[in-house]
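**Q** requesting a structural model of the entry that follows:
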Amino acid sequence: MLEFCQKNNIILEAYSPIKRADKELLSDEVLKEIAAKYNKTIVQVALRWNIQRGVVVIPKTTSKTKMIENLDVLDFNISDADMVKILGLKQKPRTIHIPFSENHPDYPFSDPF
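**A** So this is what the prediction gives:
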């Protein structure tokens, strides 16, 4: 999807890209290693990875501490080798269901392709 969007000058948005308490993400050994290398949290690495790929990230949280942490991702770059390592991890794409918008003519999930 990202490749399609980039080819068509569409900016991809990741709203709430870090699912609350995603145990798989937070326990991934590759991400732990990369986070330690950059002295960042796994969540910060995941957000930065998306930013470096050209994805707009809009993390959702109600915690002031997490908000501050989520904003602290612009002072480092993930190396190309580490970007490839992260890309190789199991992806869990998901969409957010927004029921009140289902009747809008531009609702993107009406047609099952």
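**Q** can you get me a residue count around the residue nearest to Q44 when sequence neighbours are not counted?
**A** Leaving aside its sequence neighbours, Q44 sits nearest to V73 (C-beta to C-beta, 6 or more residues apart in numbering; 5.1 Å). Bear in mind the C-beta positions are built from the backbone N, C-alpha and C, glycine included. The number of residues packed near V73 is 23, by other C-beta atoms under 10 Å.
**Q** does V73 sit in a helix, a strand or a coil?
**A** Following DSSP: H, G, I helix; E, B strand; the rest coil, V73 is assigned to coil.
**Q** what residues does stretch 73-83 touch?
**A** 34, 37-38, 40, 44-45, 47-49, 51-53, 86 (C-beta atoms under 8 Å, 6 or more residues apart in numbering).
**Q** keep only those of these that are in helices.
**A** Those of those mapping onto helices are 34, 37-38, 44-45, 47-49, 51-52, 86, per DSSP state H.
**Q** the residue sitting nearest the centre point of the chain: what secondary structure?
**A** Nearest to the mean C-alpha position of the chain, by C-alpha atoms, centre = their mean, lies P17 at 4.1 Å. Classification of P17 by three-state DSSP places it in coil.
**Q** same for the least confident helix or strand in the chain by mean pLDDT, what does it pack against?
**A** The weakest-scoring helix or strand in the chain, judged by mean pLDDT, DSSP states H and E, is helix 23-27 (a mean of 79). Here helix 23-27 touches helix 42-52, going by 3 or more C-beta pairs under 8 Å, 6 or more residues apart in numbering; DSSP states H and E.
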